[in-house]
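Novice: I would like the atomic coordinates for the input below:
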Amino acid sequence: MSSGLTSEGLIAVEGGQSRFVRLAGGARAHYMSFGRDGVPVVLLHGGIAGSSGLAGFRSTAPALADAGFQVFCPDFPGFGLADTRPQYWPTLGNISHLQFLHEFADVMCLDRFHICGNSLGCMNAVYYTVNHPERILSYAVIAGPFGDLAPVRQRHANPGKSRKDGWDGTLESMRRLMRMIVNHDELITDEVLEMRVLAASTQAESFRAFWDAQDSPSVPRDPNLRAVVSTAGRLDKLDLPGIYIYGKADRIYPLETGHEQEDLLPGVQVFYPEDCGHQAQTDQPEIVNQLLIEFFANGKVSYETAVRAGVSDRRPPLPHLVAV
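Specialist: Down below sits the predicted model:
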């Protein structure tokens with residue numbers, strides 16, 4: 001194990017505390033905590049092999065904590081240091097993740113909080129928001145689906161391969177996966193790769209259970225489960241402030257997908273930052289962090305920050321979200 005990793009196989013990030021908590025359903029949940037006080041922010045990671053709260057938001061969480069927020073980065077079932085016992089595998093896919101997030105918010109006494117998610121975390125953030133809007137102060141999502149309200153219509157070749165078939169247990173295959181979500185190779189360090197390989201190895205069976213459930217025809221056919229993950233006529237009816245960050249150089253979803261989603265989300269302010277891909281918070285941390293700090297603190301983004309973040313020119317900025 002490289003000297004940069006902790007005894008738990010994590011990158012040591014200043015101010016970050018690795019913690020575990022027992023959920024109401026019995027699972028032992030892992031999360032990273034940053035900051036001791038302030039309005040809570042929950043950051044939700046993506047879904048390729050080796051993902052975790054720390055892997056996805058190691059550059060964002062400390063910046064938000066320094067700005068006065070209390071930040072939580074949980075590991076969803078099937079990822080990071082989540083409970084690997086079979087009874088806690090995410091066998092209902094996003095439904096399992098939604099239940100996990102609700103139990104996590106309860107045990108952490110998060111009555112109201114800001115939520116932010118990337119890729120799979122975007123989808124989970126949206127699902128949680130439409131099912132528990134009374135607990136959400138605002139939502140900021142990065143490069144992911146919005147459910148049936150604004151589905152992802154176009155993808156690059158083999159998007160599924162990047163999630164569940166692309167990692168073969170080697171460091172080099174993990175590097176190839178990382179290059180699909182991070183566009184700057186210098187950010188894919190040996191420590192990041194080792195941390196993700198350790199997590200992917202630990203979670204191999206639970207991770208497979210999650211994606212098998214996502215692909216299963218039985219889950220979407222169940223009307224009760226389908227209602228939980230339906231967003232059409234729900235998210236667009238909420239008056240919660242929301243922003244969407246979509247890197248112009250995304251290697252998983254083409255830019256046209258972001259445009260299609262924007263057209264279906266008239267109440268969400270969209271940003272297209274330059275020179276960043278699917279994990280915008282890693283490729284352009286200074287821009288994304290400032291955007292999130294202003295949005296969570298004020299409910300509105302300054303015009304200067306909006307321009308730096310690539311505020312969409314496809315329609316006028318929303319005045320309640322951008323100080324025009």
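Novice: Show the model's pLDDT score for residue 219.
Specialist: Predicted confidence (pLDDT) for residue 219: 61.
Novice: And residue 258, how far from residue 246?
Specialist: 4 Å (CB to CB, to the nearest Å). Using the backbone N, CA and C atoms, a C-beta is placed for each residue, glycine as well.
Novice: what do these two both touch?
Specialist: Listed as contacting both residue 258 and residue 246 by CB atoms under 8 Å, 6 or more residues apart in numbering are 143, 270, 272.
Novice: What residues does the last one make contact with?
Specialist: Read that as residue 272. 246-248, 255, 258, 310, 312.
Novice: try 7 Å this time
Specialist: Neighbouring residues of residue 272 by CB atoms under 7 Å, 6 or more residues apart in numbering: 246, 248, 258, 310, 312.
Novice: just residue 240 next, same as before
Specialist: Shown in contact with residue 240 (CB under 7 Å, 6+ apart): 129, 133, 136, 138-139.
Novice: For those, give me JSON lines that also has neighbour count.
Specialist: Converted to JSON lines, the contacts of residue 240 look like this (neighbours: other CB atoms under 10 Å):
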{"residue": "129", "neighbour count": "22"}
{"residue": "133", "neighbour count": "15"}
{"residue": "136", "neighbour count": "22"}
{"residue": "138", "neighbour count": "18"}
{"residue": "139", "neighbour count": "25"}
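Novice: Could you dump those residues into TSV with pLDDT, distance to residue 105 and secondary structure added?
Specialist: Below are these laid out as TSV (pLDDT from 0 to 100; distance: CB to CB, whole Å; DSSP: H, G, I helix; E, B strand; the rest coil):
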residue	pLDDT	distance to residue 105	secondary structure
129	98	12	helix
133	98	13	helix
136	98	10	strand
138	98	15	strand
139	98	14	strand
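Novice: which two from those residues end up farthest apart in space?
Specialist: 133 and 138 (11.0 Å; CB to CB).
Novice: filter the contacts of residue 272 to the buried ones?
Specialist: 246, 258, 310, 312 (16 or more other CB atoms under 10 Å).
Novice: Correct me if wrong: residue 177 contacts residue 169.
Specialist: No - counting by CB atoms under 7 Å, residue 177 does not reach residue 169; the two are 11.9 Å apart.
Novice: Now do the contacts for residue 147.
Specialist: 123, 126-127, 229-231.
Novice: the strands in the stretch 151-300 of the chain, which residues?
Specialist: Ranges of strands in the stretch 151-300 of the chain, per DSSP state E, counting those that start in this stretch, are 242-245, 269-271.
Novice: possible to save those strands as a markdown table with mean neighbour count and distance to residue 290?
Specialist: As requested, the strands of the stretch 151-300 of the chain are arranged in a markdown table below (neighbours: other CB atoms under 10 Å; distance: least, CB to CB, whole Å):
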| stretch | mean neighbour count | distance to residue 290 |
| --- | --- | --- |
| strand 242-245 | 25 | 12 |
| strand 269-271 | 25 | 11 |
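Novice: any idea of the pLDDT on residue 222?
Specialist: 76.
Novice: If you tally nearby residues, what's the number for it?
Specialist: Residue 222 has 12 neighbours, counted by other CB atoms under 10 Å.
Novice: ok, now residue 239?
Specialist: Residue 239 has 8 nearby residues by other CB under 10 Å.
Novice: again with residue 103
Specialist: With other CB under 10 Å as criterion, residue 103 counts 18.
Novice: Contact partners for the nearest residue to it once chain neighbours are set aside?
Specialist: Computed as CB to CB, 6 or more residues apart in numbering, the closest residue to residue 103 that is not its neighbour in sequence is residue 23, at 4.2 Å. Listed by CB under 7 Å, 6+ apart, the contact set of residue 23 reads 29, 103-104, 107.
Novice: hang on, the earlier thing: out of residue 177 and residue 169, which sits in the busier spot?
Specialist: Between residue 177 and residue 169, residue 177 has the larger neighbour count (other CB under 10 Å), namely 23 against 11.
Novice: Now that one: closest residue in space, sequence neighbours ignored.
Specialist: residue 166 (5.0 Å).
Novice: Give me the neighbour count for the one you found.
Specialist: Quick note: residue 166 (other CB under 10 Å) scores 16 neighbours.
Novice: For residue 19, give me its contacts.
Specialist: Each residue near residue 19 by CB under 7 Å, 6+ apart is listed here: 31, 33.
Novice: where's it, which helix or strand?
Specialist: With elements taken from DSSP states H and E, the one containing residue 19 is strand 16-22.
Novice: Just checking: what are the partner strands of the next helix-or-strand element following that strand?
Specialist: Past strand 16-22, further along toward the C-terminus, the next helix or strand under DSSP H and E is strand 28-34. Sheet pairing of strand 28-34 (DSSP bridges) gives strand 16-22 (antiparallel), strand 70-74 (antiparallel).
Novice: Return the set of buried residues in strand 28-34.
Specialist: Those would be 29-34, for strand 28-34 by 16+ other CB under 10 Å.
Novice: same thing with stretch 278-292?
Specialist: Buried residues in stretch 278-292 (16+ other CB under 10 Å): 278-285, 287-292.
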